[in-house]
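Visitor: Just need the structure, nothing else, for what follows:
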Amino acid sequence: MSTNENKGKKAEVTALQAISAEDRKDWISLAFVQAGICVCVPAFLLGALLAEAMPIWPAIISGSLGYLIVVVGMVATGMIGCDLGLASCTCCQAGFGKSGARFIVSTIFAVNMIGWFGIQNGVCGEAFSNAMLAMTGWDIPVVVSNTIWGIIMLLTAVYGVHALEKLDKISIPLLMIIMCYGIFLAFKVYGTGNLNDEGTVQSMSFMSGVALSFNFTAVGTITGPDYTRFQKSRKDTVKSVFYGVFPMGVITLIMGIVLTKLSGQYDISMVLIEVGLPLLGIIALVISTWTTNSTNAYSAGLNIVMALKLKDNRRREATLISGIVGIVLCDLGILGHVEGVLSLLSYVVCPVGGVILADYWVVGKGKAKNFRPQDGVNWAGVIAWALGAIISYTLVKIEFVGIIIGFVIYLIAEHFIPSASRDNAENIA
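Guide: Below you'll find the model as predicted:
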């Protein structure tokens, strides 16, 4: 087998084994993947929520600060993935133990990713059917649109990070051109009068805006290692995360704010449809959903491999199964009734980040040699995770605070239940 064939096989087929040095990618390639994750309908919605709750400049500044915190958090988790070459669920095998990572972390991650894959697929399918009816008069059943676009997005994920990279290198520049043109048309059609903040009553504090911005990307912050495991160095990880996440996140945020102020409609695709350009609108919607949703299916596949204890070379099959489940649930209309439950899962996911950060950076002193997957369950991690989720949901009511709570409680619990990641701990992996 040639080097290139072997490289493609390792990078695209396997799931949980460490990515070798020869299979790592340059930071620019991964920056496009990170950018693709950030551009989606919910990202525009964030801008709308901030625009309706505060004047335009506080909205932009608070939202941008939230994205900056996302970058910091994603770099912290991403460096772990880069150091170890491991996916996020595998990075949890020290803080949670192998059984804890399998039965708790990978299960939660898989359910979350499959659910959101189905929901975003449904948004895309419904909008595509509506646009086709407006443009051509063809009444395509939403179920058909859901299934077709779901399969297309899923196949990209099945082929792996290499396919995601190719998709994003083409689609992100194209989407930027369409979005900029859409903003231009919005100004031309609606004028600038609505940008006046005189009628805006501030109903959200500045720090609440920062928290809201972070919460929209909280899960992606924890699962960053799924992609940064392909980076060559910590420096490359910083570059790909910062240049991929921050610019596109802020641009999408600002567009959501401006479009909401101008037209009362936050979604660039809907604005294009309203001004008489449905084709561009549907292209923007499909691309923005595709680049994000394919990563949902990809991460779901990694976690399904661990949760079901499949052979490591079954990543493609696991991804295919997870996507098909998402499409079927979407077509049956089930996901529309459980979207609130999936949102609540953010409270459960965030403390996972606190545990892995505390175990790797504090207990393990940020050294890959101290990362020692622990057999069974690491009860310090499980306790910190459970308390972090309960406290953040019942008392604080802010999802991302669970990261901080989980971090602190783990460091306390670890003194009573020492982790294998300690410098002087026996390697029990």
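
Visitor: In this structure, where is pLDDT below threshold?
Guide: 1-13, 197-200, 336-340, 342-343, 424-429 (pLDDT under 70).

Visitor: Find the helix or strand that the residue nearest the centre of it is a member of.
Guide: With distances taken as CA atoms, centre = their mean, the residue of the chain nearest its centroid is residue 220 (3.2 Å). Secondary structure assignment for residue 220, by DSSP states H and E: helix 218-222.

Visitor: Next SSE downstream of that helix?
Guide: Next along from helix 218-222, by DSSP H and E: helix 225-228.

Visitor: what's in contact with that next one?
Guide: Helix 225-228 has contacts (CB atoms under 8 Å, 6 or more residues apart in numbering) with 30, 33-34, 77-82, 84, 86-88, 91, 161, 237, 240-241, 295, 298-299, 302. All C-beta spots, glycine's among them, are computed from the backbone N, C-alpha and C.

Visitor: do stretch 41-58 as well
Guide: With contact meaning CB under 8 Å, 6+ apart, stretch 41-58 is reached by 59-60, 62-63, 120, 123, 195, 197, 200, 202-204, 206, 209, 212-213, 216, 249, 252-261, 266-269, 285, 288-289.

Visitor: next one: stretch 147-159
Guide: Stretch 147-159 is contacted by residues 12, 117-118, 121, 124-125, 128, 163-164, 167, 286, 289-290, 293-298, 301, 316, 319-320, 323-324, 326-327, 330-331 when judged by CB under 8 Å, 6+ apart.

Visitor: What of stretch 163-175?
Guide: 12, 25, 29-30, 32-33, 35-36, 39, 156-157, 248, 283-284, 287-288, 290-291, 294-295, 298.

Visitor: on that earlier part again, could you verify my assumption that the residue nearest to the centre of the chain touches residue 74?
Guide: Yes: at 7.2 Å, residue 220 counts as touching residue 74 under the criterion of CB atoms under 8 Å.

Visitor: Help me confirm that residue 122 is found in a helix?
Guide: Yes: assigned with DSSP: H, G, I helix; E, B strand; the rest coil, residue 122 falls within a helix.

Visitor: out of the contacts of helix 225-228, which are inside helices?
Guide: 30, 33-34, 77-82, 84, 88, 91, 161, 237, 240-241, 295, 298-299, 302 (DSSP state H).

Visitor: Any quick PyMOL command for the buried ones out of the residues you listed?
Guide: Here is the PyMOL command that selects the buried residues among the ones in helices among the contacts of helix 225-228 (16 or more other CB atoms under 10 Å):
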select buried, resi 30+33+34+77+78+79+80+81+82+84+88+91+161+237+240+241+295+298+299+302
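
Visitor: quick revisit: list only those of the contacts of stretch 41-58 flagged as buried.
Guide: Neighbour-count burial (16+ other CB under 10 Å) applied to the contacts of stretch 41-58 gives 59-60, 62-63, 120, 123, 197, 200, 204, 209, 212-213, 216, 249, 252-261, 266-269, 285, 288-289.

Visitor: Which of those fall within helices?
Guide: Among these, the residues falling in helices (DSSP H) are 59-60, 62-63, 120, 123, 209, 212-213, 249, 252-261, 268-269, 285, 288-289.

Visitor: ranges for the helices of the stretch 301-429 of the chain?
Guide: Here the stretch 301-429 of the chain has its helices, by DSSP state H, counting those that start in this stretch, at 315-331, 339-357, 379-391, 401-416.

Visitor: would JSON lines of these with distance to residue 146 be doable?
Guide: Shown next, in JSON lines, are these (distance: least, CB to CB, whole Å):
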{"stretch": "helix 315-331", "distance to residue 146": "5"}
{"stretch": "helix 339-357", "distance to residue 146": "15"}
{"stretch": "helix 379-391", "distance to residue 146": "32"}
{"stretch": "helix 401-416", "distance to residue 146": "32"}
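
Visitor: These into JSON lines, with extra columns for distance to residue 372 and mean neighbour count?
Guide: As requested, the helices of the stretch 301-429 of the chain are arranged in JSON lines below (distance: least, CB to CB, whole Å; neighbours: other CB atoms under 10 Å):
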{"stretch": "helix 315-331", "distance to residue 372": "24", "mean neighbour count": "22"}
{"stretch": "helix 339-357", "distance to residue 372": "13", "mean neighbour count": "22"}
{"stretch": "helix 379-391", "distance to residue 372": "13", "mean neighbour count": "23"}
{"stretch": "helix 401-416", "distance to residue 372": "13", "mean neighbour count": "21"}
